[in-house]
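Engineer: dropping the sequence and predicted coords here.
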Amino acid sequence: MRAQVLTGIRRMELREVPKPEIQNDNEVLLKINRVGVCGSDVHYYETGRIGSQVVQYPFRVGHECSATVAEIGGAVSHVKVGQPVIVEPAVSCHQCDQCKSGRENTCRKLKFLGCPGQLEGCLCDYIVMPQECCFPTQGKLTPDQGVLCEPFAIGIYAVKQSRMVAGAPVGVLGAGPIGLSCLEAARIIGARSVYITDKIDARVKIAHKAGAAWAGNPDREDIVHSIIQQEPFGLDVIFECAGQQAAIDQALDLLRPGGTLMLVGIPREDRISFSIDKMRRKELTVINVRRQNHCPQTAIDWIASRQAKIDFMVTHHFQFEKTQEAFDLVAGYKDGVVKAMITLD
């Protein structure tokens, strides 16, 4: 089968590799239809690592995908051959203390698609996954929407973890796919106003059209001043989705006393810092978001019912042979890209 593999920093090759086979009765062979390029994939492409997770070349990335069931193991019961599915990229053990407490996203033996030392990614024709990671869409989603379920599920999880109350003013710092997913989830759950920022003008415009009450570029204006003028008491919750120190600093200034900072973005640095004076005086809560937990079905349902409108995130399509061009586009934030899709079918 075909596979796109990383062979070095900013190097990717199209190779022929063995087609995977079902090894266990609970596994499903999936024909990949569409793959989304995620920021974490680009981290591996540009730097070869995310924190302690270091690529050993050659390696295949990719974890956002929609697929069709090609074959099933003997014990598989909830998907059938020919069904379209979305894929939960995390495989949990269900035996450790974290899994037993409902925290499969922090499973001590968790394996994740496209993560070094865990599982090879989905930038290929076929993958094998446990049936629990395959969610049928009943034909109600397009392949693009199926891919978007993964980042959208993270946005849903982040908003739920924030315990945001209906009618609250909230902020989203960073208008990439994850930030826009937080915007849409917050809108659905009942945020009164969502204020969003990004350093790319095209994304600022997209966020405003997607329902943000206000959107601005921190390189062009004092976004703290602009937002506080409209919300003088500050914001209840901020979703930091840029993974940038400057955005974290802005969040502390924007939050009201007793507010909550959700750390959703992945910084490239090993350490970030906080002004303890501001955090202590405001008694702020900081919550880290680790991917998502128990939200894929909610993402499917909200998109299928048209309660969630996320199609606007898809800005570019590439054929499988042009995968490296897609990665270069996303890495360079070129041409107003939000989500680039790679087509295999």
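Structural biologist: Cool, the structure landed. Everything numeric in this text was worked out from a predicted model, so none of it was measured.
Engineer: which stretches in the stretch 151-300 of the chain count as strands?
Structural biologist: For the stretch 151-300 of the chain, the strands defined by DSSP state E, counting those that start in this stretch cover 169-173, 193-197, 214-216, 235-240, 255-263, 285-288.
Engineer: tell me which of the ones you listed sits most buried.
Structural biologist: Mean neighbour count (mean count of other CB atoms under 10 Å) peaks for strand 169-173 among the strands of the stretch 151-300 of the chain, with a mean of 29. To be clear about C-beta, it is placed using only N, CA and C from the backbone, and glycine gets the same treatment.
Engineer: returning to that earlier point: residue 27 is nearest to which of the strands of the stretch 151-300 of the chain?
Structural biologist: Nearest of those to residue 27, taken as CB to CB: strand 285-288 at 31.4 Å.
Engineer: specify the angle between the longest helix along the chain and strand 255-263 in degrees.
Structural biologist: Taking DSSP state H as the criterion, the chain has its longest helix at helix 143-162. Angle of helix 143-162 versus strand 255-263, following axes from the mean of the first three to the mean of the last three CA atoms, to 10 degrees, is 130 degrees.
Engineer: hey, C-alpha coordinates of helix 143-162 in PDB?
Structural biologist: Presented in PDB, the C-alpha positions along helix 143-162 are these (Å, rounded to 0.1, in the frame of the first residue of the first chain):
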ATOM      1  CA  PRO A 143     -15.500  12.700   4.500                       C
ATOM      2  CA  ASP A 144     -14.300  16.200   5.300                       C
ATOM      3  CA  GLN A 145     -16.800  16.500   8.200                       C
ATOM      4  CA  GLY A 146     -15.600  13.100   9.400                       C
ATOM      5  CA  VAL A 147     -12.000  14.300   9.600                       C
ATOM      6  CA  LEU A 148     -13.100  17.500  11.500                       C
ATOM      7  CA  CYS A 149     -14.800  15.400  14.200                       C
ATOM      8  CA  GLU A 150     -11.400  14.800  15.800                       C
ATOM      9  CA  PRO A 151     -10.400  18.500  16.300                       C
ATOM     10  CA  PHE A 152     -14.100  19.400  17.000                       C
ATOM     11  CA  ALA A 153     -14.200  16.800  19.700                       C
ATOM     12  CA  ILE A 154     -11.200  18.500  21.400                       C
ATOM     13  CA  GLY A 155     -13.100  21.800  21.300                       C
ATOM     14  CA  ILE A 156     -16.200  20.200  22.900                       C
ATOM     15  CA  TYR A 157     -14.100  18.500  25.600                       C
ATOM     16  CA  ALA A 158     -12.300  21.800  26.400                       C
ATOM     17  CA  VAL A 159     -15.500  23.700  26.800                       C
ATOM     18  CA  LYS A 160     -17.000  20.900  28.900                       C
ATOM     19  CA  GLN A 161     -13.900  20.800  31.100                       C
ATOM     20  CA  SER A 162     -14.100  24.600  31.600                       C
END
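Engineer: what are the buried residues along that helix?
Structural biologist: Going by neighbour count (16 or more other CB atoms under 10 Å), the buried part of helix 143-162 is 143-162.
Engineer: the inter-axis angle of that helix versus strand 169-173?
Structural biologist: Angle between the axes of helix 143-162 and strand 169-173 is 120 degrees (criterion: the same axes, to 10 degrees).
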